[in-house]
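Novice: mind looking at a prediction? Sequence and model below.
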Amino acid sequence: MQQKTFKTLEFDKILELLADYALSNKVKNNIMKMEPYKTLSEVRMHTNQTTQAKKIVETLGNPPLASMTKLKNVISLIEINAMLLPEQLNDVRQFIVSCNRVKSYLKKADSTFNDVVSCGYSINDLSELSEEIFKCIRDNKVDDYASLALTNIRKKIAHLDTRIKEKLNTFLRTNSKYFSETFIVTRNGHYTLPLKKEFKNQIKGTVIDSSNSGGTYFIEPSVISKMQNEISLLHIDEENEIRRILYTLTALVEDYLPSIKINIEAMEILDFLFAKAKLSLSMSAIPAETTTERKIIIQSGRHPLLSKECAVPLDFYMGDNILNNESKRRVVITGPNTGGKTVALKTVGLLSLMAQCGFHVPAKKGLFCINNRVLCDIGDGQSISENLSTFSSHIKNIINILKIADESSLVLLDELGSGTDPTEGMGLATAILEEIATKNSLLVATTHYPEIKDFAKNTKGFMNARMAFDRENLKPLYQLEIGEAGESCALYIAEQLGLSQKMINRAYAAAYNTTKTTYSPKNYVKEQRSNIPEISQLFDLHLKSQTNYEDESSPSNSSEIYEYSIGDSVIVLPEKVTGIVYQTVNDKGLLNVQIKGEKQLINHKRLKLHVPAKELYPADYDFSIIFDSVANRKSSHQMGRKHCPNLSIDVDNPK
């Protein structure tokens, strides 16, 4: 049902926009599989990372990230022991160059951007590998000076090549009457002369090829056969030396493969963070606040898929302690057709999803709660294949929503009770609203039924809202006004378009079951909304109600030095995953950390102490219980008792 919600609210299109800003195919695929985070700490952490990345881009410009698509193929070839070609080795070097540029780029960023800058700490310096590839590979070819042997072989080839050409040119000049041209022709890798057919038996040599007409034979004269054989053998030596060099470079890349994979992981994290930053910039978006309270406040929010020029800003609020400490978890929006009710509904849902994914939202301010799910029924949902009418599809969808909605859900219902008899539709709409109220979900619903307006006005926890309408120009204003119910304006529009006063009065009497015959929409005076605070005041009230909060996802001070011990529980930034130190820091500043059963080399600057080992384990604790497999521990125990020639301990993969 979640994917259906994403499509209905067009969140999938937001993910597509975000994926377009990413360079790595893996990151693009991961983005398209994204779902909202479920905890406040996760949302705040990811939102903070987006904010940091955006500030860096605003300060330093776009990061020098590079696509890693070709690099995945290189790794696949190495893992099957294949030889890398010059262009593939060059791809490795270009990746290393890109990593160095990104690392330099992040060094220029302010140290306060810890989550993003910490990714730069984990980028390994692979300059030695880059220089070795650069020394051997130029223009996607093995360079003449890649090795002394290759240099000598190619010098010999060049020398012989010159001698052969000189010999052939001399032979061509002294025997010009036998040849159809006055220049040397290369055919099938051989230097040849174009001999006229009638003189075939006058010149000793080997026929390599002939012309299409058959009037010319391309012959390799016997005077150069010996040198041609020599050059052929040299080409074999050259090919063997090239393969030796390529295999050596491939082995070198394989030696650096763990470090390369760490760099790839760091670059993918940065690719995702900077994609979110670019999306935020493109939308002129802001970081939204998040809260554990069940409330939503949006000031001047825009639907992100509408143009900035056309979108009318949305002011919206709902939830607990929103008005005079009252709980108003359910909003019913009414107003004329094409007045923007559905857009308002979708905007609330879409911005909620974006904020919960750590994205910035297009608004002046925003406050969003954490929902366990967003459930919606929007659109007609007709299905020929399932034989569902508009009404049937609505009811089927709403039944599913009622089964799973709870107090942590956000429910969005468009045109509630439509598609059937108005009286029964109104009754169903009331029953559905009452049922959702028992579940205490956040609810935004749109409807035309006047009875629902009265229901919302008189029922605890509900609020009315309306879409504003310009009665003079007969145009919707697309502005949401919370606190009052709206009108369909059908009678007013009909009158303005020329329907007689007599018919207007009759229509009014029939619609509202009254004998009053003097109704005149012309005398309409815009209702004043009372005791409705400005949207900015609601943010102030929320801030005042909050205690000082220190976010548990705050990054550690990267300049802090700590001597880690085996068994220390640590937090790995910026992912905020927990691991256990397996081996202490090496001369490159890397620690071996076991995370979810896998051991990874991680830069010490990316680690934050969670719980020291001395607080977790006794002084004589056997850490092999954590780090070694049962088979390894058993083998080690047996080896300690006696010589066991058939036993082995897997050191590289202890798990």
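Specialist: Thanks, I have it. Just so we're clear, the structure is a prediction, and the values are computed from it rather than from any experiment. Residues are numbered from 1 along each chain as shown.
Novice: residues contacting Lys588?
Specialist: Asn124 (Cβ atoms under 8 Å, 6 or more residues apart in numbering). Just so you know, the C-beta spots here come from the backbone N, C-alpha and C atoms, and that holds for glycine as well.
Novice: where does it fall, secondary structure wise?
Specialist: Following DSSP states H and E, there is no helix or strand that holds Lys588.
Novice: the one 5 residues further on now?
Specialist: For Val593, the element it lies in under DSSP H and E is strand 590-595.
Novice: and if you look at Asp320?
Specialist: Using DSSP H and E, Asp320 falls in strand 314-323.
Novice: which helices and strands sit right next to that strand?
Specialist: strand 295-301, strand 326-328, strand 330-334, helix 341-356, strand 442-446, strand 475-482, helix 535-545 (3 or more Cβ pairs under 8 Å, 6 or more residues apart in numbering; DSSP states H and E).
Novice: of those, which is nearest Ser211?
Specialist: Proximity to Ser211, assessed across these by Cβ to Cβ, is greatest for helix 341-356 (70.4 Å).
Novice: now the closest one: mean pLDDT?
Specialist: Computed over helix 341-356, the mean pLDDT rounds to 94.
Novice: strand 442-446 and that one, what's the angle between them?
Specialist: For helix 341-356 against strand 442-446, the angle by axes from the mean of the first three to the mean of the last three Cα atoms, to 10 degrees is 150 degrees.
Novice: off-centre distance for helix 341-356?
Specialist: 20 Å (Cα atoms, centre = their mean, to the nearest Å).
Novice: give the rounded mean pLDDT of the next helix or strand after it.
Specialist: Downstream of helix 341-356, the next assigned helix or strand under DSSP H and E is strand 365-369. Strand 365-369 carries an average pLDDT of 95.
Novice: put the alpha carbons of strand 365-369 into CSV.
Specialist: Extracted in CSV, the C-alpha atoms of strand 365-369 (Å, rounded to 0.1, in the frame of the first residue of the first chain):
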residue,chain,number,x,y,z
LYS,A,365,8.7,27.1,7.5
GLY,A,366,7.6,23.5,8.2
LEU,A,367,7.0,21.3,11.2
PHE,A,368,6.2,17.6,10.7
CYS,A,369,5.6,14.7,12.9
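Novice: what's in contact with it?
Specialist: Contacts for strand 365-369 (Cβ under 8 Å, 6+ apart): 286, 288-301, 319, 351-352, 355-356, 442, 535-536, 539, 542.
Novice: show the buried residues in those residues.
Specialist: 286, 288-291, 293-301, 319, 351-352, 355-356, 442, 535, 539, 542 (16 or more other Cβ atoms under 10 Å).
Novice: outline the domain layout of the chain.
Specialist: Domain assignment for the chain by automatic domain parsing gives 36-126+256-281, 148-238, 284-484+531-545, 490-526, 569-641.
Novice: and those domains: which comes nearest Asn140?
Specialist: Closest among those, using Cβ to Cβ: domain 36-126+256-281, at 4.3 Å.
Novice: what about the closest one, how long is it end to end?
Specialist: Taking Cα to Cα, to the nearest Å, the first and last residues of domain 36-126+256-281 lie 21 Å apart.
Novice: also stretch 303-319?
Specialist: Chord length of stretch 303-319, first to last residue, is 21 Å (Cα to Cα).
Novice: so what strands line up beside the helix or strand encompassing Glu220?
Specialist: Remark: Glu220 resides in strand 216-221, with elements defined by DSSP H and E. Sheet partners assigned to strand 216-221 using DSSP bridges are listed as strand 190-196 (antiparallel), strand 205-210 (antiparallel).
Novice: how far does it sit from its chain's centre?
Specialist: 62 Å.
Novice: could you list the residues in contact with it?
Specialist: 168, 171, 180, 185, 187, 190-197, 200, 203-211, 228.
Novice: still on that earlier bit, can I get the domains of the chain in a markdown table including distance to Lys4?
Specialist: Shown next, in a markdown table, are those (distance: least, Cβ to Cβ, whole Å):
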| stretch | distance to Lys4 |
| --- | --- |
| domain 36-126+256-281 | 15 |
| domain 148-238 | 62 |
| domain 284-484+531-545 | 8 |
| domain 490-526 | 33 |
| domain 569-641 | 30 |
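Novice: these: which one's closest to Lys13?
Specialist: Closest among these, using Cβ to Cβ: domain 284-484+531-545, at 6.1 Å.
Novice: isn't Ile482 right up against Phe316?
Specialist: Yes: between Ile482 and Phe316 there is a contact at 6.9 Å, judged by Cβ atoms under 8 Å.
Novice: where does this structure dip in pLDDT?
Specialist: Where the chain drops to pLDDT under 70, the residues are 1, 324, 336-339, 380-389, 470-476, 486-489, 512-533, 544-562, 625, 628-655.
Novice: tally of neighbours for Glu407?
Specialist: Neighbour count of Glu407, defined by other Cβ atoms under 10 Å: 11.
Novice: with Glu265 instead?
Specialist: Neighbour number of Glu265 under other Cβ under 10 Å is 16.
Novice: just the element for it, please.
Specialist: helix 257-283.
Novice: packing partners of that helix?
Specialist: helix 11-21, helix 25-32, helix 40-60, helix 69-79, helix 86-107, helix 114-121, strand 598-603.
Novice: mind listing the helices for the stretch 401-550 of the chain?
Specialist: Using DSSP state H, counting those that start in this stretch, the helices assigned to the stretch 401-550 of the chain run over residues 422-439, 450-458, 490-496, 501-512, 535-545.
Novice: mind putting these into JSON lines with distance to Asn240?
Specialist: Shown next, in JSON lines, are the helices of the stretch 401-550 of the chain (distance: least, Cβ to Cβ, whole Å):
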{"stretch": "helix 422-439", "distance to Asn240": "76"}
{"stretch": "helix 450-458", "distance to Asn240": "85"}
{"stretch": "helix 490-496", "distance to Asn240": "88"}
{"stretch": "helix 501-512", "distance to Asn240": "95"}
{"stretch": "helix 535-545", "distance to Asn240": "74"}
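Novice: ok, which of those comes nearest Ala146?
Specialist: Per Cβ to Cβ, nearest to Ala146 of those: helix 535-545, 65.2 Å.
Novice: just the CA trace of that closest one, in PDB.
Specialist: The C-alpha trace of helix 535-545 is given here as PDB (Å, rounded to 0.1, in the frame of the first residue of the first chain):
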ATOM      1  CA  ILE A 535       0.700  30.600  11.100                       C
ATOM      2  CA  SER A 536       4.000  32.200  12.300                       C
ATOM      3  CA  GLN A 537       2.600  32.400  15.800                       C
ATOM      4  CA  LEU A 538       2.000  28.700  15.800                       C
ATOM      5  CA  PHE A 539       5.700  28.100  15.200                       C
ATOM      6  CA  ASP A 540       6.600  30.400  18.100                       C
ATOM      7  CA  LEU A 541       4.100  28.600  20.400                       C
ATOM      8  CA  HIS A 542       5.600  25.300  19.400                       C
ATOM      9  CA  LEU A 543       9.200  26.500  20.100                       C
ATOM     10  CA  LYS A 544       8.100  27.800  23.500                       C
ATOM     11  CA  SER A 545       6.600  24.400  24.400                       C
END
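Novice: also compute the angle for that helix relative to strand 365-369, please.
Specialist: Using the same axes, to 10 degrees: helix 535-545 against strand 365-369 is 50 degrees.
Novice: and the next helix or strand past helix 535-545?
Specialist: That would be, after helix 535-545 and using DSSP H and E, strand 569-572.
Novice: so what touches that following strand?
Specialist: 556, 564, 577-581, 593, 595, 602, 606-613, 616.
Novice: in strands, which of the residues you listed fall?
Specialist: 577-581, 593, 595, 602, 607-611 (DSSP state E).
Novice: identify the farthest-apart pair in those residues.
Specialist: Ile602 and Val611 (17.3 Å).
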